[in-house]
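**Student:** sequence and predicted model, in that order:
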Amino acid sequence: MKRFPWILTVLTVLGLILLIGLGVWQVERLKWKEGLIAAADAAAAKPPAPLEQVLGEGDLEFRKALIVCPGLASAPFIELQSIHDGEAGVRLISACKPAGADFSLLIDRGFVGDGVTARPRVIETTLPLVMVGEFRTFDKPGALSPAPRDDRFYARDTTAMARALNVTGPVRPEAVFAITTVNPEFPALRPSAPPAAFSNNHFGYALTWFGLAIALAGFYVALLRRRMKKDGPQAAAHRVRGDRKD
């Protein structure tokens, strides 16, 4: 009888460990993602609170705050190339130093479609404006992101935007989306926050890895049974009879 296939067995065991480990990791990722989605839903469901209270809560993602922004309705802005509900256009970004704060926020005042050439007026004023803004965080733009041109940006780069708006002093890294109108006299500017973009395919990934582990185990068992059948007593006796005839 041939030797036991140790090399095949070791490789199969290592493959099973890898595949099962990947499946378990995806299950853990599934639990983490479900917790993240639940936390985001809970934050989005909370009513707006004063800015100081919201900042003191720690996790700002999807949190809504009441913000007093002097002069925001007529503040200078830069444009961020964007798409809203399938329509191409730009989002207008302005700097806001909340009343009583020692930092600035970058406020996304809303979306304007490409078919609209008019823009809100820009004048210097300290007229207070109370708005509701939703905090969101974004990854820093990659090296392949197009560079801004003529005050139009193609990636949400907080540092570069603050520089273009001549902001001095600290700037919060989060984006704040106006969800109440900032310029009621300019209805083409539509305040909105982008929808949550959580992809949760980890359950399917886990099933894939566990399925591959089962397939590998089945392949190994089938191969081992075939080998044992070839090397069984009947196969050995058949070979002996054949040798005697020769």
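**Tutor:** Sure, I can see it.

**Student:** give me the number of residues near residue 67?
**Tutor:** By other C-beta atoms under 10 Å, the residues close to residue 67 number 24. The C-beta positions use only the backbone N, C-alpha and C, and glycine is treated the same way.

**Student:** how about the strands in this protein?
**Tutor:** All strands of the chain, identified by DSSP state E, fall at 49-50, 64-68, 78-84, 87-96, 104-113, 130-136, 152-153, 171-178.

**Student:** okay if I get those strands as a markdown table plus distance to residue 39 and mean pLDDT?
**Tutor:** As requested, the strands of the chain are exported to a markdown table (distance: least, C-beta to C-beta, whole Å; pLDDT from 0 to 100):
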| stretch | distance to residue 39 | mean pLDDT |
| --- | --- | --- |
| strand 49-50 | 17 | 92 |
| strand 64-68 | 15 | 93 |
| strand 78-84 | 25 | 93 |
| strand 87-96 | 26 | 95 |
| strand 104-113 | 22 | 96 |
| strand 130-136 | 13 | 93 |
| strand 152-153 | 29 | 91 |
| strand 171-178 | 16 | 93 |
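
**Student:** any chance of a markdown table for the ones you listed, columns distance to residue 15?
**Tutor:** As requested, those are exported to a markdown table (distance: least, C-beta to C-beta, whole Å):
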| stretch | distance to residue 15 |
| --- | --- |
| strand 49-50 | 53 |
| strand 64-68 | 49 |
| strand 78-84 | 44 |
| strand 87-96 | 48 |
| strand 104-113 | 49 |
| strand 130-136 | 42 |
| strand 152-153 | 48 |
| strand 171-178 | 43 |
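
**Student:** chain neighbours aside, what residue packs nearest to residue 178?
**Tutor:** Closest residue in space to residue 178, ignoring its immediate chain neighbours: residue 191 at 4.2 Å, by C-beta to C-beta, 6 or more residues apart in numbering.
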